[in-house]
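A.B. asks: need a structure here:
(one chain, ligands or ions: 1)
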Amino acid sequence: MRYGGEDGLLAVRDLSLSVAKGEFAAVVGPSGCGKSTLMKLVTGLYIPQQGVVTVAGSRVTKPVSIVGMAFQNPTMLPWRTTLDNILLPLEVVDRHRRRLRANKAEYVAKAEALLETVGLKGFGQKFPWQLSGGMQQRASLCRALIHEPDLLMLDEPFGALDSFTREELWCIIRDLHAAQGVTIVLVTHDLREAVFLADRIFVMSSRPGRIIEERAIPFARPRDLEIMYEPAFTDVVHELRGSIADARKAA
Ligand SMILES: Nc1ncnc2c1ncn2[C@@H]1O[C@H](COP(=O)(O)OP(=O)(O)OP(=O)(O)O)[C@@H](O)[C@H]1O
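C.D. replies: Now for the predicted structure:
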């Protein structure tokens with residue numbers, strides 16, 4: 001995938017990975033290696049000049065509707081309530097738009113149930129600017145989940161949060177994954193986050209990014225935050241740190 005035409009910047013090349021249905025995958029790598037580009041390719045926001053992206057058995061040629069996305073900056077629309085922001089994906093996707101019109105009350109109830117799951121019960125009528133950063137991030141997770149996506153793409157969704165809020169949200173995502181069986185791909189700089197949440201971690205090279213290491217995370221689920229203080233956990237984090245340091249040096 002090259003940005004800006006033939007002489008433009010080569011972001012990723014020979015990038016190959018496959019994630020199984022229901023799996024929780026994490027992608028880590030040096031800054032600027034093409035992690036966000038990978039997310040945009042999977043979701044069909046960009047189409048690669050060479051190579052193929054397949055989601056749920058179909059080749060991606062346009063934005064994928066079975067995917068939910070959450071990014072580092074929640075970008076909620078300030079003039080809509082939190083609840084109306086959460087309902088937004090249903091208005092955008094054609095198939096859902098008709099269902100939303102016919103069953104508005106059902107979807108509002110669903111949005112409220114999601115708000116409760118992420119600890120925001122009763123905040124639906126607040127505007128996003130009345131919420132803290134962590135609360136907005138929780139609401140953006142609800143927005144990513146409202147249309148019951150089969151695939152959830154998370155691009156540094158916890159990056160801007162303090163460590164306690166981040167850990168709380170890790171547990172929410174862990175529980176959502178366990179309860180709903182959704183396939184999740186998480187891009188993160190935080191190796192502890194990746195090891196805590198993922199079944200498998202992919203390490204990317206420096207730009208142009210490709211996968212240089214793939215690592216299964218052996219810890220049983222459900223995982224408790226305490227696991228992060230166990231030597232086996234810190235060993236994996238340490239080794240991944242070494243891989244990324246090597247990738248940066250090789251650049
Ligand atoms: N729209 C664009 N036009 C031109 N270059 C771009 C565009 N988007 C990204 N790039 C470049 O492509 C490369 C990969 O960017 P990308 O955002 O995918 O990396 P990343 O691994 O997510 O970065 P970070 O770790 O800093 O978030 C970077 O050099 C970036 O500057």
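A.B. asks: what is the end-to-end distance of stretch 62-76?
C.D. replies: Its start and end residues considered, stretch 62-76 measures 23 Å (C-alpha to C-alpha, to the nearest Å).
A.B. asks: what residues does it touch?
C.D. replies: With contact meaning C-beta atoms under 8 Å, 6 or more residues apart in numbering, stretch 62-76 is reached by 39, 42-45, 47, 55-56, 82, 85, 89, 93, 95, 128, 136-137, 139-141, 143-147, 149-157, 159-160, 182. Placement of C-beta: from N, CA and C, glycine included.
A.B. asks: return a PyMOL selection command for the buried portion of the residues you listed.
C.D. replies: A single PyMOL command is used to select the members of those judged buried by 16 or more other C-beta atoms under 10 Å:
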select buried, resi 39+42+43+44+47+55+82+85+89+128+136+137+139+140+141+143+144+145+146+147+149+150+151+152+153+154+155+156+157+159+182
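A.B. asks: all helices in the stretch 151-251 of the chain, in order from the N-terminus.
C.D. replies: Using DSSP state H, counting those that start in this stretch, the helices of the stretch 151-251 of the chain run over 163-180, 191-197, 231-250.
A.B. asks: quick one: the first one to chain centroid distance?
C.D. replies: If I follow you right, that is helix 163-180. 12 Å (C-alpha atoms, centre = their mean, to the nearest Å).
A.B. asks: tell me which residues of that helix are tucked away?
C.D. replies: Under 16+ other C-beta under 10 Å, the buried positions of helix 163-180 are T165, R166, E167, E168, L169, W170, I173, R174, L176, H177.
A.B. asks: equivalent analysis for the last one, please.
C.D. replies: Along helix 231-250, these residues count as buried under the neighbour rule (16+ other C-beta under 10 Å): F233, V236, V237, L240, S243, I244, A247.
A.B. asks: again, but for stretch 9-28
C.D. replies: Across stretch 9-28, burial judged by 16+ other C-beta under 10 Å covers A11, V12, R13, L15, V19, F24, A25, A26, V27, V28.
A.B. asks: grab the nearest non-local neighbour of whatever residue of the stretch 101-250 of the chain ends up closest to the ligand.
C.D. replies: Going by C-beta to the nearest ligand atom, the ligand is nearest to R207 of the stretch 101-250 of the chain, at 5.4 Å. Using C-beta to C-beta, 6 or more residues apart in numbering and skipping residues adjacent in sequence, the residue nearest R207 is C33, 5.3 Å away.
A.B. asks: what count of nearby residues applies to the one you found?
C.D. replies: 27 (other C-beta atoms under 10 Å).
A.B. asks: now the strands for the stretch 1-150 of the chain?
C.D. replies: Secondary structure of the stretch 1-150 of the chain by DSSP state E, counting those that start in this stretch: the strands cover 2-3, 9-10, 24-28, 54-55, 58-59, 67-71.
A.B. asks: what does the fifth one rub up against?
C.D. replies: Where contact means C-beta under 8 Å, 6+ apart, the residues beyond strand 58-59 that reach it are V52, V53.
A.B. asks: the third one now?
C.D. replies: The list of residues contacting strand 24-28 from outside it, by C-beta under 8 Å, 6+ apart, reads 17, 19, 35, 38, 177, 183-189, 191, 193-194, 197-204, 240, 244.
A.B. asks: by how many degrees do that strand and helix 231-250 diverge?
C.D. replies: Angle, strand 24-28 to helix 231-250, by axes from the mean of the first three to the mean of the last three C-alpha atoms, to 10 degrees: 40 degrees.
A.B. asks: show me the one of the strands of the stretch 1-150 of the chain that comes nearest the ligand.
C.D. replies: The ligand lies closest, by C-beta to the nearest ligand atom, to one member of these: strand 2-3, at 3.3 Å.
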